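Peer 1: A predicted structure for the sequence below; I have some questions about it.
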Amino acid sequence: MRALAIVLAVVALVIAAALVALSFAPASLASRAVARASGGALALADAEGSLADGRARIVDAAHRVSVPIAWRLDRTALANGTLRVDLGRGAGDPVRGTLRVTRTTLALDDADITVPAALVGAWLPPPLHLTLGGDLHMTTSALRVGPHGDGTAEVRWTPARAADASAQAIDFGTATATIASSGPALSATLASTGGDTAVSGTLGANERGASIDVTLTPRDATPSPLLRAIASFGAPAPGGGTRFATRYVIRDVAPFLRR
């Protein structure tokens, strides 16, 4: 019994030391983790405060676009084995919500997030690299991803525009994605209104891998030059559209995530 008490005391001291370290460690240390997680596509700039309570800007590698973000770590939850981060300081912040991460589950609650689409486009691997215009706005009251996942989220992209290096562009008008988590699976249904090209289809992911089934259809008799250029990578679809459908197993998804 005495040995157990000693072990528990040591564990308590380690946790307390870790919490103290988080309180004093500079927020700039998080930049390395962001860069590593995004394969160098994203970074933190102008970090202030600590790892436990700080703010910074998320920027792309070229520092062309940025999003201010503020965070506060829940020390009590961390001591109990849950990483809980409250994002945002007020209604004017573009990234707000509560992120909770455990050994098996990632949960996002009461989230309202607006970021430039170009920031997400910077994360695309070289073969898919496009410059994305407009803003992405995501909202959810509760979304849980994991073995017992549930909840939904809505994403709105407007004005939804993608351009290649030669400035050839596709205009999707307003594009939306309805994300749903069910058990271990995550899915998204895509749709759009307006623009010169319609997008529809689904995305999916589970513990075995990911799937893409997306169709791009010109709204005009003459497709945009960029749509004609990428049509060779897909299969013909009704209405002069192009369908992109594929599946990835886990070993194929990993290199994509590492860019």
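Peer 2: Here it is on my side, so go on.
Peer 1: Could you check which helix or strand contains Pro147?
Peer 2: Here Pro147 sits in a region with no helix or strand, counting by DSSP states H and E.
Peer 1: so what's it up against?
Peer 2: Shown in contact with Pro147 (Cβ atoms under 8 Å, 6 or more residues apart in numbering): Thr104, Thr105, Gly183, Pro184. Quick note: C-beta positions are derived from backbone N, CA and C, even for glycine.
Peer 1: Mind doing that once more with 6 Å?
Peer 2: Listed by Cβ atoms under 6 Å, 6 or more residues apart in numbering, the contact set of Pro147 reads Thr104, Pro184.
Peer 1: next one: Pro116
Peer 2: Contact analysis of Pro116 by Cβ under 6 Å, 6+ apart lists Val65, Asp135.
Peer 1: so it bridges to which residues?
Peer 2: When bridges are called by DSSP bridges, Pro116 pairs up with Asp135.
Peer 1: just use 24 as the starting number from now, easier for me
Peer 2: Understood, numbering begins at 24; the last thing we discussed is Pro139.
Peer 1: quick one: Ser204 from Ala165, how far?
Peer 2: 10 Å (Cβ to Cβ, to the nearest Å).
Peer 1: ok, now Asp135?
Peer 2: 13 Å.
Peer 1: Same check on Leu159?
Peer 2: Going from Leu159 to Ala165 by Cβ to Cβ gives 20 Å.
Peer 1: Which one's more surrounded, the two?
Peer 2: Shown here are Leu159 and Ala165; by other Cβ atoms under 10 Å, Leu159 has more neighbours (21 against 15).
Peer 1: residues in contact with the more buried one?
Peer 2: Contacts here follow Cβ under 6 Å, 6+ apart; on that basis Leu159 touches Val138, Ala140, Trp180.
Peer 1: Now name the helix or strand holding the closest residue to Trp180 other than its chain neighbours.
Peer 2: Leaving aside its chain neighbours, Trp180 sits nearest to Ala198 (4.4 Å; criterion: Cβ to Cβ, 6 or more residues apart in numbering). Here Ala198 is covered by strand 192-205, with elements defined by DSSP H and E.
Peer 1: Would you confirm that Ser210 contacts Ile202?
Peer 2: No. Ser210 lies out of contact with Ile202 (Cβ atoms under 6 Å); the separation is 7.2 Å.
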